[in-house]
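A.B. asks: after the sequence you'll find the predicted model.
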Amino acid sequence: MAFKELGNSLFTDVLKKVKRTKLPYFIHDETLQKGKSFGEKIVHAIDTTIKKGFDNIIIIGNDTPELSFSILDKAVTALNQGKLVYGRSTDNGIYLLAVNTKTFDRYAIKHLPWQTKSLSQALEGYLNGCELPFLRLRTLRDIDKIQDVHVILDNALNSLSTEIRHILITFLFSFKHVYYFIKSTKNFILNLPSGTRGSPMLQI
């Protein structure tokens, strides 16, 4: 199983969890992205969703196998309470970010150090500085390299679905412990209901 196949399998798995929320979703692929930097692309995707009439937005990645329906549900609840929500990954990035139109600071989000090891620290510093109410979800490991697959299977085997366990084990056997890096661009934005409107999810 190549990294592309692994990415597709993880994407399918997280989409199943998203569908359990009963919230509508959008898929926003690279053909819809605008902006040079990752931050610009994030902000554009959020702005596009807001213009559709949605006030609450959750961005998630597909490279975090431990991301569960219960974590998504906690994010939904906290966001409906007016909190900004984020989930930190073990490499100091983030696997989930939830904002609403009242807490969405375009400049701040665009200029966060995306795709660096200082992202989660910078985000929390921003939140503490502007005194926004927020919820930090439990830390999870995302998959950036083959060692991450080993660690997830060693430490979180029981929290994974049977399907994901099979996918990760098959992946390890197929590569025989040769090191590669995932180049995945699939992320989601999940928008929660506002008033009488439903809420979509974007893939960016």
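C.D. replies: Yes, it's here.
A.B. asks: shaky segments in the protein?
C.D. replies: Across the chain, the ranges flagged by pLDDT under 70 are 1-3, 29, 174-204.
A.B. asks: for the protein, which segments count as helices?
C.D. replies: Listed in chain order, the helices of the chain (DSSP state H) span 3-20, 38-51, 69-80, 106-110, 119-130, 146-155, 162-175.
A.B. asks: I'd like to know which of those helices is closest to Ile94.
C.D. replies: Taking CB to CB, helix 119-130 is the member of the helices of the chain nearest to Ile94, at 5.5 Å. Where you see a C-beta, it was placed from the backbone N, CA and C, and this is true even at glycine.
A.B. asks: alpha carbons only: can I get that closest one in CSV?
C.D. replies: Taking C-alpha atoms only, helix 119-130 is exported to CSV below (Å, rounded to 0.1, in the frame of the first residue of the first chain):
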residue,chain,number,x,y,z
LEU,A,119,1.8,26.4,15.4
SER,A,120,-0.1,25.1,18.4
GLN,A,121,2.0,27.3,20.8
ALA,A,122,1.4,30.4,18.6
LEU,A,123,-2.3,29.7,18.4
GLU,A,124,-2.7,29.3,22.2
GLY,A,125,-0.6,32.4,22.7
TYR,A,126,-3.0,34.3,20.5
LEU,A,127,-6.0,32.9,22.3
ASN,A,128,-4.7,33.8,25.7
GLY,A,129,-3.6,37.3,24.5
CYS,A,130,-7.1,38.2,23.2
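A.B. asks: distance of Phe26 from Ser159?
C.D. replies: Plainly put, Phe26 is 28 Å away from Ser159 if you go by CB to CB, to the nearest Å.
A.B. asks: between those two, which one's more packed in?
C.D. replies: Counting neighbours by other CB atoms under 10 Å for Phe26 and for Ser159 shows that Phe26 has the greater number, 20 against 13.
A.B. asks: the more buried one reaches Thr49, doesn't it?
C.D. replies: Yes. In this structure Phe26 lies within contact range of Thr49 using CB atoms under 8 Å: 7.2 Å.
A.B. asks: quickly list what the residue nearest the centre of the chain is bridged to.
C.D. replies: Taking CA atoms, centre = their mean, the centroid of the chain lies closest to Ile60, which sits 1.8 Å from it. Following DSSP bridges, Ile60 is listed with bridge partners Leu96, Phe188.
A.B. asks: distance of it relative to Lys52?
C.D. replies: For Ile60, the distance to Lys52 - CB to CB - is 18 Å.
A.B. asks: list the contacts of Asp105.
C.D. replies: Going by CB atoms under 8 Å, 6 or more residues apart in numbering, Asp105 touches Cys130.
A.B. asks: distance of it relative to Lys145?
C.D. replies: The gap separating Asp105 from Lys145 is 32 Å, by CB to CB.
A.B. asks: over to Ala98?
C.D. replies: Ala98 sits 27 Å away from Lys145, going by CB to CB.
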